[in-house]
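Novice: what shape does this take:
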Amino acid sequence: MAVPAGAVGAGTGGALMGGVPVVVCRSCDGLAFTLDPCRCTYGGDRFLVTVQDRPVGEAYRDCRDCQGVGTLARPCHDCRQTGRRRAQLVLTMANLDTGAVASANVVPGVVEPVPWDGDGGGSWHLPLAPLLQELAVLVGAGSWRDVRAPGDPDGPLVLLPRAWRPEQPASTRRALEAEAIAGESLDGWRLYLGHTTVVPARDPAASLGRWCRLADLLCLDLVVEARRMVATDALTWAIRFEMPGGPVPAETYGYADDLTTAITTTTDLDAFYGLEERGRTVPAYQPAIRHPPPDARPTVDLDQLERRILADCTDLATGNPHPGAQAVWRDGRWWHTALRIDGTTETLTEWTTGQIHCRRTPSLRRGWQPPAPSWQGPPIGYVDCPDCDPHSRLRACDCRLGTNRIDPDCPRCAGSGRSPSLLRCYTCWGSHRLHSEVTVTITDLASRVVQLGWRTGPTGWQTGEHTWRDDPTGEGDGPAGPAGEEHWRAGQHVPAPHIANHPGGKPLHQLPDQFRLAGWADHFGVRPEDLVELDGGGSLDHGLRDGIVTLDRPDADPLTEYLRWAARGRPGARLFLLARRPDVPPLADLVRLVLGLHLTITITLTDHIHNAGDPRYTQGESWDVTINRPDRPPAPANPPTHASPEAATTFCLDYLELAIANNIPTNPDQPIPVPQNPTPIAVDDPIPPLRRLARHHPGQPVAAHYDSVTCQIWLREHHDVRQLATAPTLPAAIGALGL
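Specialist: Numbering: from 1, shown residues only. You can find the predicted model right below:
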């Protein structure tokens, strides 16, 4: 289909030439506010609200929000309280490898509508996939993804009103098209990040076989689940790693329609996400050191696996549907089981209306439990957490912070030392258990897995190491040596010298090298700051990285307190770490891309050289990368929080969609810019000059702010922010300072 002229490349220099149609917001009829039913009408005139037999539409007479009226006036979210909506949609394709940017301006009359068969016929829509393909050709992108919806590379679906017909007058058609395009005004600027090379399609069977191998190496279960949705009774598929012995999660962790889609839309980190939450109450066992199974990557028959799971979703004896079914990969084979309802869980929630909402959700269980895994060793003992009650919301009161002494006049706990809180217990992180043993698993998710066992006992302490090296080609164990190595050390006492005191007087102790995780970074060819938690990618705790522990009591044992801190809230007293350098473009490429989008970018760095050797404070460097609108005043981040420029770049790209949304003008009369940058400028690497500048201002955030014309250098001194220099490039600005 030919794309009409004017769609691609409309606008130059980041500004749209001419105005765009503006329509009245249908959500509020131009009033900028809406009259919505109050939440109390969902439960009727009753204090305790349940889902069953509630009189919808009747107001609660003692409602705190609407005072019993039943309706509330709320600002209209769809038009941002303007009463009007902009009929404009901008599609931008940016090549991360070259920095080239091209945009298409979609307004009424630009894209020719075509019939849409999604509802059985009779509807029309605006096809945007040809526009994106033309933009990709302009910037030289072989593959791309939507930063807002990574699984939708063809653009948003813009459905026209059913009244649209091709035989209508042009003015009528344009008005209806404007109404449809205005429906995308909240996300009126869509950004697609592309690469020059074509990303090869994933082989679902090979990916699932690799995850099976990874589950064996990490001593985890790989769960493939199909679960029925309550509203539609349709099956939704999910794939995740779990700790053996955990309950069936109450929530569905996937939204794929079939097994193949679930595999291709799930990444490694997606499969691990929520592992701690799901396994917080799992019984803890010592993993037995063993060699990995002989087969490097199992061969999986996806069709047979899917058919078996679908069969388990129905009771063969009665024909009644089960809530779902699972296939669990454990000990080198699949174990199949159906899911069954195992009681009901009631959750009480206080609404702002003054009512109490009772939500009853069915809890699920496996119809048949697989045998215990062969790697499961003896159980790990624990003591109950002294600072929380597992049967209530009582937690350690804030009056005990710092001194660990109860204030008899505290208004929150009335001198009891415990007060209700919606937060997790800080001591046990919601597990209600304190373990004195922990297993640390470090992996690069490619070829290496290291298991460390830290434990105490009546005869002393032990720490173990077990390394598994897998051939990345999948042909077997790597050529570097045997499949596994075992090293065990034992002793009667762990030297943990006192190295410093906190300002409040609490002592700091440092444990020996075998309890410091920073040293394992070299084994994986990464830096210590690249060690992050496998579940969620959070930064590794500073104390665990350097073996530092703070004692709350003078008679506490440093090793015991250290292991309890390492194991708190961990599934089965296991800490999973990812040792892999972030796969992100260089910082200079990100700056070039942002300038091509006609936005601004601020890079902030703090050098903590004055803290070197003092374990009480942050070590090394802290980075931050922020993208803003051109009219926002620049300022260094306060404070930067990422340990490396790669980590700051990763965080910035993860939330790039928010920066794009914030650049959409609020005034509907002002069009959205349409950035074009076919020949991007060269940008010098900002890291070396920023480090030189930060070394001259240790402990103070320094920032390089790039806009479309200049580069500015800023410095934050306590509460004062001042500009140091301005030049066309960062090296020129650094040179102007004599550095």
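
Novice: flag every buried residue along stretch 127-143.
Specialist: 127-128, 130-136, 138-141 (16 or more other Cβ atoms under 10 Å). C-beta coordinates here come from the backbone N, C-alpha and C atoms, glycine included.

Novice: among the residues you listed, which two are most distant?
Specialist: Greatest spacing in the buried residues of stretch 127-143, by Cβ to Cβ: 127 and 140 (22.7 Å).

Novice: and stretch 100-113, C-alpha only, in PDB?
Specialist: Provided in PDB are the C-alpha atoms of stretch 100-113 (Å, rounded to 0.1, in the frame of the first residue of the first chain):
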ATOM      1  CA  ALA A 100      19.500   8.600  12.700                       C
ATOM      2  CA  VAL A 101      15.900   9.700  13.500                       C
ATOM      3  CA  ALA A 102      12.900   9.900  11.200                       C
ATOM      4  CA  SER A 103       9.300  10.700  12.100                       C
ATOM      5  CA  ALA A 104       5.800  10.400  10.500                       C
ATOM      6  CA  ASN A 105       3.000  12.900  11.300                       C
ATOM      7  CA  VAL A 106      -0.400  11.200  11.300                       C
ATOM      8  CA  VAL A 107      -3.200  13.600  11.000                       C
ATOM      9  CA  PRO A 108      -6.600  13.300   9.300                       C
ATOM     10  CA  GLY A 109      -6.300  12.600   5.600                       C
ATOM     11  CA  VAL A 110      -2.700  11.400   5.700                       C
ATOM     12  CA  VAL A 111      -3.200   7.700   6.000                       C
ATOM     13  CA  GLU A 112      -5.800   5.900   3.800                       C
ATOM     14  CA  PRO A 113      -8.200   3.800   5.900                       C
END
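
Novice: ok, and for that stretch, which residues are buried?
Specialist: 100, 101, 102, 103, 104, 105, 106, 107, 108, 110, 111, 113.

Novice: just stretch 385-393 next, same as before
Specialist: 385, 387, 388.

Novice: just send these back as TSV, with distance to residue 413 and secondary structure too.
Specialist: What follows is the buried residues of stretch 385-393, written out as TSV (distance: Cβ to Cβ, whole Å; DSSP: H, G, I helix; E, B strand; the rest coil):
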residue	distance to residue 413	secondary structure
385	17	coil
387	12	coil
388	13	strand
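
Novice: now these in JSON lines, with distance to residue 62?
Specialist: Output for the buried residues of stretch 385-393, formatted as JSON lines (distance: Cβ to Cβ, whole Å):
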{"residue": "385", "distance to residue 62": "39"}
{"residue": "387", "distance to residue 62": "37"}
{"residue": "388", "distance to residue 62": "34"}
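
Novice: any idea which of these is the one closest to residue 230?
Specialist: residue 388 (32.0 Å).

Novice: list the contacts of the closest residue to the closest one other than its chain neighbours.
Specialist: Counting by Cβ to Cβ, 6 or more residues apart in numbering, the nearest residue to residue 388 once its immediate chain neighbours are dropped is residue 425, at 3.7 Å. For residue 425, the contacting residues are 385, 387, 388, 395, 396, 432, by Cβ atoms under 8 Å, 6 or more residues apart in numbering.

Novice: pipe the buried residues of stretch 100-113 into a markdown table and attach distance to residue 365, secondary structure and pLDDT per row.
Specialist: Formatted as a markdown table, the buried residues of stretch 100-113 follow (distance: Cβ to Cβ, whole Å; DSSP: H, G, I helix; E, B strand; the rest coil; pLDDT from 0 to 100):
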| residue | distance to residue 365 | secondary structure | pLDDT |
| --- | --- | --- | --- |
| 100 | 54 | coil | 94 |
| 101 | 53 | strand | 95 |
| 102 | 54 | strand | 96 |
| 103 | 52 | strand | 95 |
| 104 | 52 | strand | 94 |
| 105 | 55 | strand | 94 |
| 106 | 50 | strand | 94 |
| 107 | 55 | coil | 94 |
| 108 | 55 | coil | 93 |
| 110 | 55 | coil | 91 |
| 111 | 52 | coil | 91 |
| 113 | 51 | coil | 92 |
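
Novice: which one of the buried residues of stretch 385-393 is nearest residue 504?
Specialist: residue 387 (18.4 Å).

Novice: okay, the closest one: pLDDT?
Specialist: The confidence metric pLDDT takes the value 86 at residue 387.
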